[in-house]
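[1] give me a model of this one.
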Amino acid sequence: MTDERPTPVQQLKAWFVTGTQSVGGGASTLYLMRSILVRRGWITDREFLQEWTLSRLSPGNHLTALAALLGQRIGGRRGVVLALVGLLIPSGIITIALTGGFGFIRNDPAVESALAGVGPVTIGMMLGITAYLLRSVMNPLSIALAADVVLFGAAIVAGFLIPGATIAIIIVGALLGTIFLGRDELPPETLEE
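    Model (predicted):
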């Protein structure tokens, strides 16, 4: 990570690129956010994963929450505004234009066929970005990683098989995080602004 913060113009440009190039949200937006911010040295992989994890706890759109958290990390309060403006306004304009255009072509057989393939493509993209993110934190393979995989698997199984297990999973996760990560101190720069 670089010692100096990016300028507001650099931040806005990065978020504008993400907002205009991440078609469909989800995996593509997550990948672009991570690749742009980490590649430029504005955040580390660990910082990105911390913010991504926190954003998953928020109600509403997780990618918007992630952008706000990352914006705060790289630019303080101004960074939050720049992240949200740069990400949401261009993508909103593109969405409105595409929605208007879709009304004219929605009954075309080729369009219907293309839309039928969206689900499998989305699943493949999510699996790909998950594998990519896992590879970035798996060096070296350790007991802690194995424990994380086991806990993640147990949470998935419990979530699908036990009715109402979501609250218990969140509480157990918070307790385990407090026990095992509670001593991990945040760097001083994350507490600024």
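[2] show me where pLDDT drops low in this structure?
    For the chain, applying pLDDT under 70 flags the ranges 1-3, 23-24, 134-145, 177-178, 180-193.
[3] can you do 80?
    1-4, 22-28, 114-153, 155-156, 158-160, 162-193 (pLDDT under 80).
[4] give me the domain ranges for it.
    1-139, 140-193 (automatic domain parsing).
[5] let me know which of those is tucked in deepest.
    domain 1-139 (a mean of 15; mean count of other CB atoms under 10 Å). (C-beta placed from N, C-alpha, C; glycine too.)
[6] centre of the chain versus that one, how much separation?
    Centroid separation between domain 1-139 and its chain, computed with CA atoms, centre = their mean, to the nearest Å, is 7 Å.
[7] give the contact list for Ile36.
    Residues near Ile36 by CB atoms under 8 Å, 6 or more residues apart in numbering: 14, 17-18.
[8] how does it look with 10 Å?
    With contact taken as CB atoms under 10 Å, 6 or more residues apart in numbering, Ile36 is in contact with 13-15, 17-18, 21, 42-43, 70.
[9] tell me the helix or strand right after whichever strand or helix holds it.
    Ile36 is part of helix 27-39 when elements are defined by DSSP states H and E. Elements were assigned by DSSP H and E; along the chain past helix 27-39, the next helix or strand is helix 45-55.
[10] quick check: angle from that next one to helix 27-39?
    Orientation check (axes from the mean of the first three to the mean of the last three CA atoms, to 10 degrees): helix 45-55 against helix 27-39 gives 140 degrees.
[11] give me the angle between the strand or helix carrying Gly19 and helix 27-39.
    Assessed by DSSP H and E, Gly19 sits inside helix 8-21. Between helix 8-21 and helix 27-39, the angle comes out at 150 degrees (the same axes, to 10 degrees).
[12] export the helix holding Ile36 as PDB, just CAs?
    In PDB, the C-alpha atoms belonging to helix 27-39 read as follows (Å, rounded to 0.1, in the frame of the first residue of the first chain):
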ATOM      1  CA  ALA A  27     -18.900 -10.500  -9.600                       C
ATOM      2  CA  SER A  28     -17.700  -8.100 -12.300                       C
ATOM      3  CA  THR A  29     -18.100  -5.100 -10.000                       C
ATOM      4  CA  LEU A  30     -16.300  -6.900  -7.100                       C
ATOM      5  CA  TYR A  31     -13.500  -7.900  -9.400                       C
ATOM      6  CA  LEU A  32     -13.100  -4.400 -10.800                       C
ATOM      7  CA  MET A  33     -13.100  -2.700  -7.400                       C
ATOM      8  CA  ARG A  34     -10.500  -5.100  -6.100                       C
ATOM      9  CA  SER A  35      -8.200  -5.000  -9.100                       C
ATOM     10  CA  ILE A  36      -8.200  -1.300  -9.500                       C
ATOM     11  CA  LEU A  37      -7.700  -0.400  -5.800                       C
ATOM     12  CA  VAL A  38      -5.200  -3.100  -5.000                       C
ATOM     13  CA  ARG A  39      -3.300  -2.700  -8.300                       C
END
